[in-house]
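1. Have a look at this prediction, sequence included:
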Amino acid sequence: MSYISDVLDEVKTRDPDQPEYIQAVEEVLTCLEPVIASHPEYQKAGLLERIVEPERQIIFRVPWADDQGQVQVNRGFRVQFNSAIGPYKGGIRFHPSVNLGIIKFLGFEQIFKNSLTGLPMGGGKGGSDFDPRGKSDHEVMRFCQSFMTELFRHIGPDTDIPAGDVGVGAREIGYMFGQYKRIADAFQGVLTGKGVAWGGSLARPEATGFGTAYFIEEMLASRGEKLQGKTIGISGYGNVGTFFIQKANQLGARVVTIADENGYVHDPEGISGEKLDFLMDLWCVYRRPAKDFADEFGLEWVEGRSPWEVPVDIAVPTATQNELCLEDAKLLLANGCKCIAEAANMPCTADAIDFFIEKDILFGPAKAVNAGGVAVSGLEMSQNSMRYSWTFDEVDAKLRKIMADIFAKTNQAANEYNCKGNLFMGANIAGFKKVADAMMAQGVI
């Protein structure tokens with residue numbers, strides 16, 4: 001067996017109950033055969049065995065009282081995966097599906113996503129199985145304060161800098177930052193995604209959605225096409241989805257679907273104007289279901305079905321892992337879709353990705369496409385260190401350049417390792433090489 005196969009088998013044997021983590025590791029390692037063949041020193045140094053094992057895994061209980069005075073207990077996680085190129089950096093997710101395997105998959109992806117940005121950030125991730133939906137502001141506040149009461153001892157501006165993720169927006173970041181400041185007695189850039197008035201960065205809420213649009217522009221340009229005039233289908237409708245719609249509209253495209261786990265909304269005219277204004281707060285502020293959007297504007301609601309059955313030029317999954325399967329992929333292609341960009345983390349199943357690549361469909365992998373969020377988090381860290389703030393336009397210009405650079409690195413790596421046009425291979429190789437070389441330079445640690 002090959003070195004890569006041996007490492008994969010060890011991961012599967014060690015963590016058989018973590019399918020998402022195994023999937024993430026398999027996605028990266030199966031792209032590295034040509035790299036390992038060119039660098040036998042990686043095997044000699046046991047580099048793959050080290051890179052698939054987190055440097056630290058923290059699990060803790062989170063007790064809190066609901067509005068009826070009843071004590072509830074959730075489980076909290078922080079996985080500090082790799083610090084070879086910088087302090088741990090990665091979001092916090094609050095969702096009932098969260099478990100150690102989910103956090104490890106997200107943290108592993110974060111290593112290579114952060115590497116691609118060109119900024120000095122390692123990979124980590126955290127979260128809880130707490131569900132903020134249906135909770136009052138006071139319940140969310142009490143939970144966040146309890147969560148940070150334990151987490152604060154493991155993070156710091158030069159150690160580990162969390163951000164938001166699914167279920168963690170401006171409200172949750174504010175409550176956690178307030179508790180950290182209270183306990184640590186220090187005003188530090190220990191979280192990103194903060195409010196602009198207290199250390200946040202302009203353009204941070206928009207960054208993942210805007211960055212996705214910028215990356216799609218680069219993908220299309222590589223084949224002589226433009227985003228203008230394209231019809232787009234997306235799945236989620238949270239922070240990433242809404243700001244992606246905003247930027248896509250500005251660039252002349254039309255987004256015609258949103259969705260949640262219960263079904264999807266189809267708006268053939270495109271989501272803009274008052275409809276987009278309404279959508280902006282639907283999930284990010286009120287945590288309301290997607291059907292409420294359809295009901296508000298008299299739009300078609302399709303219960304229990306996937307938005308990928310709607311004919312579009314470009315598909316952008318923006319919700320969660322493994323939301324787009326092989327059957328969806330075949331349907332998209334049959335309906336004329338020419339480009340897929342993963343704005344969520346690992347939203348396409350492995351067989352769907354293989355299908356897109358086999359059919360030579362433009363496919364942008366998550367660790368490249370949705371890196372805009374963590375890129376601007378890195379810029380927020382820089383502004384905190386300088387005690388300075390850039391304007392919105394300055395941050396947006398830096399974001400656009402970072403996304404163009406990510407595409408260039410990804411495309412170059414694909415060409416260098418004889419897989420021209422395969423951005424999936426290119427992103428994994430380019431992200432890995434920087435981290436691998438840093439690990440080699442730092443010795444066996």
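-> Now that the structure is in, tell me what you want to look at.

2. how about low-confidence regions in the stretch 1-150 of the chain?
-> Applying pLDDT under 70 to the stretch 1-150 of the chain flags residues 1.

3. got the buried residues for stretch 88-101?
-> 88-95, 98-101 (16 or more other Cβ atoms under 10 Å). Every residue, glycine included, has its C-beta placed from N, CA and C.

4. what do you get for stretch 255-274?
-> 255-260, 263-267, 270-272.

5. can you count the residues close to the residue nearest to residue 252 when sequence neighbours are not counted?
-> Take residue 252 and drop its neighbours on the chain: the residue closest to it by Cβ to Cβ, 6 or more residues apart in numbering is residue 228, 3.4 Å away. Residue 228 has 12 neighbours, counted by other Cβ atoms under 10 Å.

6. Let's see the pLDDT reported for residue 228.
-> With respect to pLDDT, residue 228 has a value of 97.

7. what separates it from residue 424, distance-wise?
-> Using Cβ to Cβ, to the nearest Å, we find residue 228 at a distance of 26 Å from residue 424.

8. I'd like to know which elements the helix or strand encompassing residue 315 is packed against.
-> Per DSSP states H and E: residue 315 is located in strand 314-316. Applying 3 or more Cβ pairs under 8 Å, 6 or more residues apart in numbering; DSSP states H and E, we find strand 314-316 packed against helix 207-221, strand 231-234, strand 339-341.

9. Output the second one in CSV with nothing but the alpha carbons.
-> As requested, the backbone C-alpha atoms of strand 231-234 are provided in CSV (Å, rounded to 0.1, in the frame of the first residue of the first chain):
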residue,chain,number,x,y,z
THR,A,231,-28.7,32.8,-13.3
ILE,A,232,-27.6,31.4,-10.0
GLY,A,233,-29.1,29.0,-7.5
ILE,A,234,-28.1,29.0,-3.8
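
10. Could you identify the helix or strand that succeeds that strand?
-> Strand 231-234 is succeeded, C-terminally, by helix 239-250 (DSSP H and E).

11. elements contacting that following helix?
-> Counting contacts by 3+ Cβ pairs under 8 Å, 6+ apart, the secondary-structure elements packed against helix 239-250 are helix 207-221, strand 231-234, strand 254-260, helix 273-282.

12. want to throw those into a markdown table with mean pLDDT?
-> Output for the helices and strands packed on helix 239-250, formatted as a markdown table (pLDDT from 0 to 100):
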| stretch | mean pLDDT |
| --- | --- |
| helix 207-221 | 97 |
| strand 231-234 | 98 |
| strand 254-260 | 97 |
| helix 273-282 | 95 |
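
13. For the nearest residue to residue 278 once chain neighbours are set aside, grab the count of nearby residues.
-> Among residues not flanking residue 278 along the chain, residue 296 sits closest, at 6.0 Å (Cβ to Cβ, 6+ apart). Residue 296 is flanked by 14 other residues according to other Cβ under 10 Å.

14. Quick check: next helix or strand after the longest strand along the chain?
-> Longest strand in the chain by number of residues, with DSSP state E as the criterion: strand 71-82. On the C-terminal side of strand 71-82, the nearest following helix or strand under DSSP H and E is strand 88-94.

15. can you pull the buried residues of the lengthiest helix in the chain?
-> If you go by DSSP state H, the chain has its longest helix at helix 392-416. For helix 392-416, a neighbour-count test (16+ other Cβ under 10 Å) marks 395-396, 398-400, 402-403, 406-407, 409-411, 413-414, 416 as buried.

16. Whatever helix or strand the residue nearest to residue 278 lives in packs against which elements?
-> For residue 296, the element it lies in under DSSP H and E is helix 291-297. Under the contact criterion of 3+ Cβ pairs under 8 Å, 6+ apart, helix 291-297 touches strand 263-266, helix 273-282, strand 300-303.

17. As TSV, those with distance to residue 326 would be great.
-> Converted to TSV, the helices and strands packed on helix 291-297 look like this (distance: least, Cβ to Cβ, whole Å):
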stretch	distance to residue 326
strand 263-266	19
helix 273-282	30
strand 300-303	21
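
18. Compare the ones you listed and report which one is nearest to residue 322.
-> Nearest of the helices and strands packed on helix 291-297 to residue 322, taken as Cβ to Cβ: strand 263-266 at 16.8 Å.

19. tell me which strands and helices the closest one is in contact with?
-> When contacts are defined as 3+ Cβ pairs under 8 Å, 6+ apart, strand 263-266 packs onto strand 254-260, helix 291-297, strand 300-303.

20. still on that earlier bit, ok, now how distant is the residue nearest to residue 278 from residue 239?
-> Using Cβ to Cβ, one obtains 20 Å as the distance from residue 296 to residue 239.

21. hmm, back to that, so which of the helices and strands packed on helix 291-297 comes closest to residue 320?
-> Nearest of these to residue 320, taken as Cβ to Cβ: strand 263-266 at 14.2 Å.

22. Please report the distance of residue 346 from residue 143.
-> 26 Å.

23. Among the two, which residue is more densely surrounded?
-> The neighbour comparison of residue 346 against residue 143 (other Cβ under 10 Å) goes to residue 143, with 27 against 24.

24. correct me, but the more buried one touches residue 62?
-> Yes. Judged on Cβ atoms under 8 Å, residue 143 makes contact with residue 62 at a distance of 6.6 Å.

25. Determine the residues that are contacts of both of the two.
-> With contacts taken as Cβ atoms under 8 Å, 6 or more residues apart in numbering, residue 143 and residue 62 have 74, 128, 130 as neighbours in common.

26. The first one: how many residues sit nearby?
-> Put plainly, it is residue 74. Neighbours around residue 74, by other Cβ under 10 Å: 19.

27. Now for it: which residues touch it?
-> 61-62, 64, 128-130, 143 are the contacts of residue 74 under Cβ under 8 Å, 6+ apart.
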